[in-house]
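Engineer: have a look; sequence and predicted model below, questions after that.
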Amino acid sequence: MSNLKAIRDRIASVKNTKKITEAMRLVASAKVRRAQEQVLATRPFADKLAGILYALQSRLKFENIDSPLLEQREVKKVGLLVISGNRGLCGTYNGNIIKRAESRAKELTAEGVDYTYILVGRKAIQYFQRRNVPIQRTAENPEKTPPGEKVADAAEEVLSLFLSGEVDRVELIYTKFVSLISSKPVVQTLLPLNFQGLEVKDDEVFRLTTSGGQLDVTREKVAVTPTIIPRDMIFEQDPVQILDALLPLYLTNQLLRAWQESTASELAARMTAMSNASENAGELMKSLTLSYNKARQAAITQEILEVVGGAEALQG
């Protein structure tokens, strides 16, 4: 009977765990939808800004303009801006981004280049603070989809580091959203800005949909209309002043987009992890229920045998 009670308690525990993981899956799926809405809401501004910069590049030729954000100098020290999550229970999301950051740091060390970490997210902060590595700045990742002011603050910090000469290059290490079950840690040079390949081309957006009762991601091409500046247009301001105003905006927008991709990747990873946990809990409940029924049947059989044995002893 004690064995039956232990199995019943175990079934109840697994059942409660399944309720929690299922609730976390639903919350993560709702947040993925909000992250998708944020990406779509910021896209028109991002596309227009990139189009204007490309048009200015074609009209003014950036190589003839002296701007500190475009300055290519000898790289002696690199700032590694790492974006991770604040919490776990999201599969290998945090582990993969931390491994990519460590891998990039080893590559720079092998090249004889110094580095320092700029950490965003509690998981990365906790991991690297326990190790003897240089850390320049730390900041917690906001629980909700990153607000513009938080991203702007981070952009100002990396700008300050680069313009003051503390670092000669800033590399962004974040997780690129591929699908609900796939993401990829990538390294992107944030500073100095390089507009090679800025030409306008069709973009791609993801949309969270439902297919056959299951959440799914569809991708679709979005046509971007190029911005054209007439050759006879006269600028009221000096072109360098225009660039000095637009380039920080472009930097902030690049960081915002990477932050949004990381947030979507984390939420998708958590949704997948909780979905797998719920399925495993269901399978475990079936197995425990089967074990319980077998143990209960064995206990009943044993009781019947004891009754029959007692009756035979009385008749003897």
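Structural biologist: That came through fine.

Engineer: rest of the way, CA atoms for contacts and neighbours
Structural biologist: Will do.

Engineer: please settle this for me: is residue 85 part of a strand?
Structural biologist: No - according to DSSP: H, G, I helix; E, B strand; the rest coil, residue 85 belongs to no strand; its state is coil.

Engineer: isn't it up against residue 267?
Structural biologist: No - using Cα atoms under 8 Å, residue 85 makes no contact with residue 267, being 9.5 Å away.

Engineer: low-scoring stretches of the stretch 101-250 of the chain, by residue?
Structural biologist: 142-148, 195-235, 237, 239 (pLDDT under 70).

Engineer: now do the strands in it.
Structural biologist: Along the stretch 101-250 of the chain, the stretches classed as strands by DSSP state E, counting those that start in this stretch are 114-120, 135-139, 169-179, 182-191, 203-211, 214-222.

Engineer: hmm, who's touching the longest one?
Structural biologist: In this structure, residues lying in contact with strand 169-179 by Cα atoms under 8 Å, 6 or more residues apart in numbering are 75, 77-84, 97, 100-101, 158, 162, 183-192, 217, 258-259, 261-262, 264-265, 268.

Engineer: and it with strand 114-120, angle?
Structural biologist: 50 degrees (axes from the mean of the first three to the mean of the last three Cα atoms, to 10 degrees).

Engineer: for strand 169-179, buried residues please.
Structural biologist: Within strand 169-179, the residues scored as buried using 16 or more other Cα atoms under 10 Å are 169-179.

Engineer: just how off-centre is that strand within its chain?
Structural biologist: Chain-centre distance of strand 169-179: 9 Å, with Cα atoms, centre = their mean, to the nearest Å.

Engineer: also stretch 79-93?
Structural biologist: Put simply, stretch 79-93 sits 7 Å off its chain's centre (Cα atoms, centre = their mean).

Engineer: can you get me the start-to-end distance on it?
Structural biologist: 22 Å (Cα to Cα, to the nearest Å).

Engineer: hang on, the earlier thing: ok, which pair from the buried residues of strand 169-179 is furthest apart?
Structural biologist: The distance between the two most remote of the buried residues of strand 169-179 (Cα to Cα) is 30.3 Å, for 169 and 179.
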